[in-house]
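*Asks:* Pasting a predicted model and its sequence here:
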Amino acid sequence: MTSAATSHLVIVLAACLLAPAPALAQSVAASPDSTAAAAPASVPAAKPGGTSGAVPPPAAIAAPKLGGYLQARETWTERAGLTATLNRARVSVDGTLPDHFSWRLLVEYAAASATGPAGVSLRDGYIRWALAPWTLTAGQFKTPFSREYLQSISVVETPDRAVVIDSLATKRDIGVMGEVALGAVAVVSAGAFNGEGQNVGANRDSTLLLVQRLVVHPIPGLSLGGSGAEYGSDSTRVGLDAQVEWRGLMARGELVEQHRISRGQFDRGAYVLVGYRVRPWLQVVGRQEEYRRPGPTTVKGLVATTGGVNVDLPGGRTRIMLDLATRRTHPDQVRRTAALSQLQVRF
């Protein structure tokens, strides 16, 4: 995204938030029992029961809702020492429209690399139509793959997602997706995307990324999921996940595999995460993960162990995370340890 486009996006967001909201609020407050705003003076009102050709008055809509979160992080590693980072800074705007439509914009201030300058980029920009049990979404948003990826990072129990999820799960993309809820038992999702990733406005090779997901809830507290993705004839991904919650105890696990036919190789990985609420405001967390990626002559990957605590302050808007992680890489068998603290606020 160019700097000009970024500036334009920020100006549009500011205009949406600051200008329309008071006017809309006043219009709704003036007619609390009405579902439509008064017609402008220049537009003649339609005659009751007639078709005079007059333009119908626009329906009143609620003011957009502002949200987001900030994550300030301190990381200590054996070789690099202590580093301070603004891990994420995201602002979202959500709105509803008549006829079961809604929309969302999410922008992020982040660096493209550890050494590069930070900038603003679009994460979500979509329109959604929902009428139970159906939902249709079009624009740029998360593809329906992996339970942990579909969760906001602001509610994930560890500061970072598992390596296999970051490496193999399909990410945000531009396309369309349909979902149907089968009562309270299951949800089916399927979408077609460009396969180029976020903020790429064209499908350069005309190949579609097809992603599907099924989630079932056989009994209260238990959720099982399966995901699949195909990108042309060379890349197929499969993911399985499960999560159980019982009296403050939570356990989640995922297995993800990618098959590249041209190489005849499987990239695969898995993790298991367990958390327990010692107190309503205090959670103890542990995660074990492994990721393998075969190369022409050797297998690369890592084994990692993470342990930590999460402190949720009163009000549910502020979280403190303290974690210690060790990683052993393959094939060099190098072991690295990192201590991490993160302060997160949601608004």
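*Replies:* Received, thanks.
*Asks:* any low-confidence regions in the stretch 201-347 of the chain?
*Replies:* 262-263, 296-297 (pLDDT under 70).
*Asks:* Strands of that one, residue ranges please.
*Replies:* Assigned by DSSP state E, counting those that start in this stretch, the strands in the stretch 201-347 of the chain fall at 209-216, 222-231, 235-246, 249-260, 265-279, 282-294, 299-312, 318-330, 335-346.
*Asks:* Out of these, which is closest to residue 162?
*Replies:* Distance to residue 162, taken as C-beta to C-beta, is lowest for strand 265-279 among the strands of the stretch 201-347 of the chain, at 4.0 Å. Yep, even glycine has a C-beta here, placed from its N, CA and C like the rest.
*Asks:* Can you show me the CA trace of the closest one as PDB?
*Replies:* C-alpha atoms of strand 265-279 as PDB (Å, rounded to 0.1, in the frame of the first residue of the first chain):
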ATOM      1  CA  GLN A 265       7.100 -33.500   0.200                       C
ATOM      2  CA  PHE A 266       4.900 -32.800   3.300                       C
ATOM      3  CA  ASP A 267       5.400 -29.800   5.500                       C
ATOM      4  CA  ARG A 268       3.700 -30.600   8.800                       C
ATOM      5  CA  GLY A 269       3.500 -29.500  12.400                       C
ATOM      6  CA  ALA A 270       1.300 -29.700  15.500                       C
ATOM      7  CA  TYR A 271       0.900 -28.100  18.900                       C
ATOM      8  CA  VAL A 272      -0.900 -28.800  22.200                       C
ATOM      9  CA  LEU A 273      -1.900 -25.900  24.500                       C
ATOM     10  CA  VAL A 274      -3.300 -26.300  28.100                       C
ATOM     11  CA  GLY A 275      -4.500 -23.400  30.300                       C
ATOM     12  CA  TYR A 276      -6.000 -23.300  33.700                       C
ATOM     13  CA  ARG A 277      -7.800 -20.500  35.500                       C
ATOM     14  CA  VAL A 278      -6.300 -20.500  39.000                       C
ATOM     15  CA  ARG A 279      -8.400 -17.400  39.700                       C
END
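*Asks:* What are the buried residues along that strand?
*Replies:* Neighbour-count burial for strand 265-279, with 16 or more other C-beta atoms under 10 Å as criterion, is recorded at 267-273, 275, 277.
*Asks:* In the protein, where's the longest strand?
*Replies:* Secondary structure of the chain per DSSP state E: the longest strand is strand 81-97.
*Asks:* Okay, now the sheet partners of whatever helix or strand comes next after it, with direction.
*Replies:* The element immediately downstream of strand 81-97 (helix or strand, assigned by DSSP states H and E) is strand 101-111. With DSSP bridges as the test, strand 101-111 is paired with strand 81-97 (antiparallel), strand 118-131 (antiparallel).
*Asks:* Now for residue 323: which residues touch it?
*Replies:* The contact partners of residue 323, by C-beta atoms under 8 Å, 6 or more residues apart in numbering, come to 158-159, 285, 306-308, 339-342.
*Asks:* got the phi/psi numbers for residue 248?
*Replies:* Note on residue 248: backbone dihedrals following degrees, to the nearest 10 are phi 90, psi -10.
*Asks:* Filter the contacts of residue 323 down to the buried ones.
*Replies:* Applying 16+ other C-beta under 10 Å to those flags 158-159, 285, 306, 308, 340, 342 as buried.
*Asks:* Switch these over to TSV, and while doing so, append distance to residue 168 to every line.
*Replies:* As requested, those are exported to TSV (distance: C-beta to C-beta, whole Å):
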residue	distance to residue 168
158	18
159	20
285	22
306	18
308	24
340	23
342	24
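*Asks:* Among the residues you listed, which one lies nearest to residue 118?
*Replies:* For these, the nearest to residue 118 is residue 342 (17.4 Å; C-beta to C-beta).
*Asks:* Correct me if wrong: the closest one contacts residue 84.
*Replies:* No - judged on C-beta atoms under 8 Å, residue 342 makes no contact with residue 84 at a distance of 11.0 Å.
*Asks:* intersection of neighbour lists for the two?
*Replies:* Counting by C-beta under 8 Å, 6+ apart, the contacts common to residue 342 and residue 84 are 72-74.
*Asks:* could those be laid out in CSV, adding neighbour count and pLDDT?
*Replies:* Formatted as CSV, those follow (neighbours: other C-beta atoms under 10 Å; pLDDT from 0 to 100):
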residue, neighbour count, pLDDT
72, 15, 96
73, 18, 96
74, 13, 97
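*Asks:* Which members of those are positioned in strands?
*Replies:* 72-74.
*Asks:* Shouldn't residue 165 be within a helix?
*Replies:* Yes - counting by DSSP: H, G, I helix; E, B strand; the rest coil, residue 165 is part of a helix.
*Asks:* Check what pLDDT residue 177 gets.
*Replies:* Per-residue pLDDT puts residue 177 at 98.
*Asks:* quick one: what helix or strand has residue 148 in it?
*Replies:* Secondary-structure assignment from DSSP H and E places residue 148 in helix 147-150.
*Asks:* tell me which strands and helices that helix is in contact with?
*Replies:* Under the contact criterion of 3 or more C-beta pairs under 8 Å, 6 or more residues apart in numbering; DSSP states H and E, helix 147-150 touches strand 235-246, strand 249-260.
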